[in-house]
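Chemist: sequence plus predicted model, see below.
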Amino acid sequence: MSARVELDQQALQQLVMKRFALAALTYGLALLLTWVSVAAGFYTAPVSVALGSSLLIVLSQLVFLALFWSGFNQRFRDPSLTQPQVLVALLWLTCLLFNLGSARGSLLVLYLLVLMFAVFLPPRIFIRYAVLAFLSFVGLTLLDFHLGRLAEPAAFLLEASVLLVTLVWMCLFVNYVYQLRQRMRQRRFALQVHQDTLRGMLRQLEDLASTDELTGLYNRRRFLRIAEGELARLRKGHQIGLALIDLDHFKRINDVHGHAAGDRVLQTFAAIARACLRDGDVLARYGGEEFVLLLPDTDAEQFGICCERLREAFANAQPVDPGIPVGQLSLSVGLTLLNAGDDLDASLQRADEALYRAKRGGRNRCEAAWTSDNA
Ligand SMILES: Nc1nc2c(ncn2[C@@H]2O[C@H](COP(=O)(O)OP(=O)(O)OP(=O)(O)O)[C@@H](O)[C@H]2O)c(=O)[nH]1
């Protein structure tokens, strides 16, 4: 189970425990009312019945507590166990009212209190419990009638009407709350979709802002950001290869074969370099016909071999333009190595100076400046 899911479950369980504490508190108050009725002489059954039903109530709540405490409640679709709780409460309340005789009307409001715990259930389920509450009340009065204990039928009619009206009102209210929650859920979903779209667009924008349009390589800005990150993460004893690559006599290619042909040469270089390099290597267009290469975790020998391979591959490239025969393209490379704690600007300067030497030495070659002394 992921940490996130576990956290969500913990938060949910805490909420469930709070709800249970509220229900237990309500039971406590109702028990108090029971015993007040007993003391005031409204309770028609023997005290032993009040005692027995009070114990049963406490026992039922202990069972619920054990379910919540052990986490067994999480196996159910509604971990709050709202429906069983409401059922038990309705049953217990009906038993209490049955034994209350003439004081029954004053505790009728407890039905509403019990149903308050069900207001977040879907309306069709809530209506079921509202109907059950009403039928329980009517049922126990009919039982009274059957037992010949119904002293005031008119009072019963009034109480039943008040209960009915209040329950209908509650059903309408629950339906309203449900619709409101559905609308909010839909809005939250729509908001999520918008957020995802925005995030996608942002990613696209970032890609556009960090990619060179002509070659599809990273641009200078992105390269510098990556290089700074790699340098910051570089551990002692490890080295990063840094190379500046400049296509030779590029101005001549443009002048002789046209700007479009020059563009195709740049694209060809990018394709050849991609094929020569590994996934973790970073190649970017540094500007114009100049490129920059970063090779993580390398050494002077490996890096030299890599750059030489790239130079040869470009020099032997198949004609990219009918007018440019094989062998007319070449590039020069200035190499250096980055060590932990090096300054990126100073390292780029070192590579640039090595590149300058490669150009001055006749082009189509790699020159290295491993330290600032041989730059
Ligand atoms: N076709 C094309 N040309 C470009 C692009 N960016 C820069 N250039 C051209 O690249 C040429 C670079 O010329 P120079 O800096 O003189 O270098 P070079 O001719 O390669 O000479 P060396 O580097 O000394 O070998 C310029 O003519 C620029 O206009 C581009 O995106 N497309």
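Modeler: It's in.
Chemist: going by secondary structure, residue 27 is in what exactly?
Modeler: helix 3-40 (DSSP states H and E).
Chemist: contacting residues around the closest residue to the ligand within the stretch 151-300 of the chain?
Modeler: In the stretch 151-300 of the chain, the residue that lies nearest the ligand is residue 262 (2.6 Å; Cβ to the nearest ligand atom). Where you see a C-beta, it was placed from the backbone N, CA and C, and this is true even at glycine. Residue 262 is in contact with 250, 253-254, 289, counting by Cβ atoms under 8 Å, 6 or more residues apart in numbering.
Chemist: equivalent analysis for residue 270, please.
Modeler: So residue 270 contacts 215-217, 283, 285, 291 (Cβ under 8 Å, 6+ apart).
Chemist: ok, it to residue 101 distance?
Modeler: 94 Å (Cβ to Cβ, to the nearest Å).
Chemist: spell out which parts of the stretch 151-300 of the chain neighbour the ligand.
Modeler: Counting by Cβ under 6 Å from any ligand atom, the residues of the stretch 151-300 of the chain close to the ligand are 214, 246-252, 254, 259, 262-263, 266, 288-289.
Chemist: what secondary structure does the most far-flung residue of the chain relative to its centre sit in?
Modeler: Most distant from the centre of the chain: residue 148, at 63.9 Å, with distances by Cα atoms, centre = their mean. Recorded secondary structure, residue 148: coil (DSSP: H, G, I helix; E, B strand; the rest coil).
Chemist: got a quick ChimeraX command for the buried subset of the residues of the stretch 151-300 of the chain next to the ligand?
Modeler: Selection of the buried residues among those in ChimeraX, burial being defined by 16 or more other Cβ atoms under 10 Å:
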select :246,247,248,250,254,262,266,289
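Chemist: in strands only, show me the residues of the stretch 151-300 of the chain next to the ligand.
Modeler: Among those, the members found in strands (DSSP state E) are 246-247.
Chemist: need the per-residue pLDDT for the residue of the stretch 151-300 of the chain closest to the ligand.
Modeler: Residue 262 carries a pLDDT value of 93.
Chemist: so what secondary structure elements neighbour the longest helix seen in the chain?
Modeler: Counting residues, the longest helix in the chain under DSSP state H turns out to be helix 153-210. Contact partners of helix 153-210 among helices and strands, from 3 or more Cβ pairs under 8 Å, 6 or more residues apart in numbering; DSSP states H and E: helix 109-116, helix 123-146, helix 220-233.
Chemist: a markdown table for these, including mean pLDDT and mean neighbour count?
Modeler: Output for the helices and strands packed on helix 153-210, formatted as a markdown table (pLDDT from 0 to 100; neighbours: other Cβ atoms under 10 Å):
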| stretch | mean pLDDT | mean neighbour count |
| --- | --- | --- |
| helix 109-116 | 91 | 18 |
| helix 123-146 | 93 | 17 |
| helix 220-233 | 95 | 15 |
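Chemist: among the ones you listed, which is nearest residue 187?
Modeler: Closest to residue 187 of these is helix 123-146 (Cβ to Cβ; 20.0 Å).
Chemist: just how off-centre is the closest one within its chain?
Modeler: Offset of helix 123-146 from its chain centre (Cα atoms, centre = their mean, to the nearest Å): 45 Å.
Chemist: over to stretch 84-102?
Modeler: How far stretch 84-102 lies from its chain's middle: 44 Å, per Cα atoms, centre = their mean.
Chemist: please identify the buried residues of that stretch?
Modeler: For stretch 84-102, by 16+ other Cβ under 10 Å, it's 84-86, 88-90, 92-101.
Chemist: ok, now stretch 323-338?
Modeler: Across stretch 323-338, burial judged by 16+ other Cβ under 10 Å covers 324, 328-338.
Chemist: quick one: mean pLDDT for it?
Modeler: 89.
Chemist: what about that stretch, how long is it end to end?
Modeler: Distance between the two ends of stretch 323-338: 40 Å, counting by Cα to Cα, to the nearest Å.
Chemist: how about the strands of the stretch 251-375 of the chain, start to end?
Modeler: 282-287, 290-295, 331-339, 366-368 (DSSP state E, counting those that start in this stretch).
Chemist: now the ones you listed as CSV including distance to residue 53?
Modeler: Supplementary listing: the strands of the stretch 251-375 of the chain in CSV, determined by distance: least, Cβ to Cβ, whole Å:
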stretch, distance to residue 53
strand 282-287, 77
strand 290-295, 80
strand 331-339, 82
strand 366-368, 93
